[in-house]
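**Student:** need a 3D model of the sequence below.
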Amino acid sequence: MESSESDLELISSLHNGSVLLPSSDRSRSICLILIILVVMCTFHFLLLTTCRFLFKNHEQLESKVIKSSYQATNLLINLLLGLYGFYTWMTSVPRMSTVIVTSKIADFNEFISFALLQIGYNLWSIPMGLWVVGESKAMLAHHLATLCVASISCFAKCGFRYYTPYFFGCIEISSVPLTVINFFKGNKEWAAKKNGQFNCLLKNSKIVFAALFLLTRVILWTPQMYDVLRASIMLCSTCTTIFCWLTIGSFSISAMFLTVLQYYWGSLVAKGVWLMFSGRNKKKIH
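**Tutor:** Sure, this is the predicted structure:
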């Protein structure tokens, strides 16, 4: 109880001054986000052109070519974010127990690059998901919630940047095997020609995906997110302006929503693993 009261007093002091970072920092971040977005769109266009060239002699639908280039772009971006996140988290992020709560909330500006990358990535992903690949409503909501928390990490003084290497970097590694799985599911004709190799690779990809997802988005996610929500709720409760309350409140709500979504998806992943190893999921993908 004393610890919570002492943290609350420390957090209250963070409301002195502006809610946002200095305008020069915000302007620089906006420029970098635009550069990241242009680079991503260019990279995707190059992959799209490559896919069109590779499939020019095949009866491939344009939508399938576009989806394949989208998946390839996703795979490479998630791999980059995941490796960059794990490297930073392991080498540059101090243990949670050694960092005071105010520092976790308002310091670590050196990790703002993760927020920049996530904003650029999601600004590209949302229109692609809406008009090109037809992502589910849950996935689109995930993109919007991520865009919200990343924007606050990028532009607000209290941006919780201590946690960005993990939440905006490490967890993306689990999406790499998922992209492989989705690619094979979307190219069933090709997979049918190599049935034995396909089934083996698909099963291994599912196992790797399940292990990485449950590890990064459930097991390791939980203590990190508990710390985030504890601090953000205390910060929100001590806000002295409506703008502060709206900013930190939207951060907290988006973080809670993302957590519920990860747990829901995690339950589906765990169920799939149980069915796979219990021998009840004998159905093949045709």
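
**Student:** so where is the stretch 151-286 of the chain shaky, pLDDT-wise?
**Tutor:** Low-confidence segments of the stretch 151-286 of the chain (pLDDT under 70): 187-198, 279-286.

**Student:** helices of that one, residue ranges please.
**Tutor:** Applying DSSP state H, counting those that start in this stretch to the stretch 151-286 of the chain gives helices spanning 164-167, 175-186, 188-193, 195-214, 221-237, 242-278.

**Student:** and residue 122, how many residues sit next to it?
**Tutor:** The number of residues packed near residue 122 is 20, by other CB atoms under 10 Å. For the C-beta atoms, the positions are set from N, CA and C on the backbone; glycine is no exception.

**Student:** next, find the distance separating it from residue 84.
**Tutor:** 17 Å (CB to CB, to the nearest Å).

**Student:** before we move on, back to that, most packed of the helices of the stretch 151-286 of the chain?
**Tutor:** Neighbour counts averaged per stretch over the helices of the stretch 151-286 of the chain are highest for helix 164-167, at a mean of 26; criterion: mean count of other CB atoms under 10 Å.

**Student:** centre of the chain to it, how far?
**Tutor:** 9 Å (CA atoms, centre = their mean, to the nearest Å).

**Student:** stretch 6-16 now?
**Tutor:** The chain centroid and the centroid of stretch 6-16 are separated by 29 Å under CA atoms, centre = their mean.

**Student:** buried set for that stretch?
**Tutor:** Buried residues in stretch 6-16, counted by 16 or more other CB atoms under 10 Å: 7, 11, 12, 14, 15.

**Student:** which SS class is the second one?
**Tutor:** In the three-state summary, residue 11 is assigned as helix, counting by DSSP: H, G, I helix; E, B strand; the rest coil.

**Student:** enumerate every residue touching it.
**Tutor:** Residue 11 makes contacts with 101, 102, 105, 231, 234, 235, 238, as judged by CB atoms under 8 Å, 6 or more residues apart in numbering.

**Student:** repeat that for the fourth one.
**Tutor:** By CB under 8 Å, 6+ apart, the residues touching residue 14 are 102, 105, 106, 157, 158, 235.

**Student:** the residues you listed into JSON lines, with extra columns for distance to residue 182?
**Tutor:** Formatted as JSON lines, the contacts of residue 14 follow (distance: CB to CB, whole Å):
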{"residue": "102", "distance to residue 182": "42"}
{"residue": "105", "distance to residue 182": "36"}
{"residue": "106", "distance to residue 182": "39"}
{"residue": "157", "distance to residue 182": "39"}
{"residue": "158", "distance to residue 182": "37"}
{"residue": "235", "distance to residue 182": "38"}
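
**Student:** nearest to residue 257, of these?
**Tutor:** Distances from residue 257 to the contacts of residue 14, taken as CB to CB, are shortest for residue 235 (17.9 Å).

**Student:** hang on, the closest one packs against residue 247?
**Tutor:** No. With contact defined as CB atoms under 8 Å, residue 235 does not reach residue 247; the gap is 9.8 Å.

**Student:** between the contacts of residue 14, which is nearest residue 70?
**Tutor:** Nearest member of the contacts of residue 14 to residue 70, counting by CB to CB, is residue 158, at 34.7 Å.

**Student:** how far away is residue 148 from residue 85?
**Tutor:** The gap separating residue 148 from residue 85 is 19 Å, by CB to CB.

**Student:** neighbour count for these two, which is higher?
**Tutor:** residue 85 (25 against 19).

**Student:** please name the nearest non-neighbouring residue to the more buried one.
**Tutor:** residue 169 (1.8 Å; CB to CB, 6 or more residues apart in numbering).
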